[in-house]
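Participant: Need coordinates for the below:
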Amino acid sequence: MNKNLKAVALKYEQSKDRAPKVIAKGEKNIAERILDIAKEHNIPIHQDSDLLELLYKLDIYQEIPEELYKAVAEILAYIYKANKKYY
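Facilitator: This is a model prediction of the structure:
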């Protein structure tokens, strides 16, 4: 286990959410579990330590602030394109 490991999980439902929101976050064992669950469900994992630190400061169920819209939108667009390509 990486003792510095952190993870944040986001959820966004275009039909009902104004913006993506944090649905889970944690360090060490909790971070490992978040990553394991993502892998089990084929949820894409994106690594960006700077964005992670900003998202980690948010509370659970808190929508991301406008300042992070662009960064998160770029990730979601990449994931959408990748999913479209493989499904």
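Participant: Looking at the chain, which helix is longest?
Facilitator: The longest helix of the chain (DSSP state H) is helix 69-86.
Participant: what's in contact with that one?
Facilitator: Residues outside helix 69-86 that contact it (C-beta atoms under 8 Å, 6 or more residues apart in numbering): 10, 12, 19, 20, 44, 46, 48, 51, 64. Just so you know, the C-beta spots here come from the backbone N, C-alpha and C atoms, and that holds for glycine as well.
Participant: Go ahead and confirm the second one touches residue 18.
Facilitator: Spelled out, it's residue 12. No - using C-beta atoms under 8 Å, residue 12 is not in contact with residue 18, being 9.5 Å away.
Participant: Dump the contacts of helix 69-86 to CSV, plus neighbour count and pLDDT.
Facilitator: What follows is the contacts of helix 69-86, written out as CSV (neighbours: other C-beta atoms under 10 Å; pLDDT from 0 to 100):
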residue, neighbour count, pLDDT
10, 20, 94
12, 16, 90
19, 15, 93
20, 20, 93
44, 13, 87
46, 13, 89
48, 13, 91
51, 17, 94
64, 22, 96
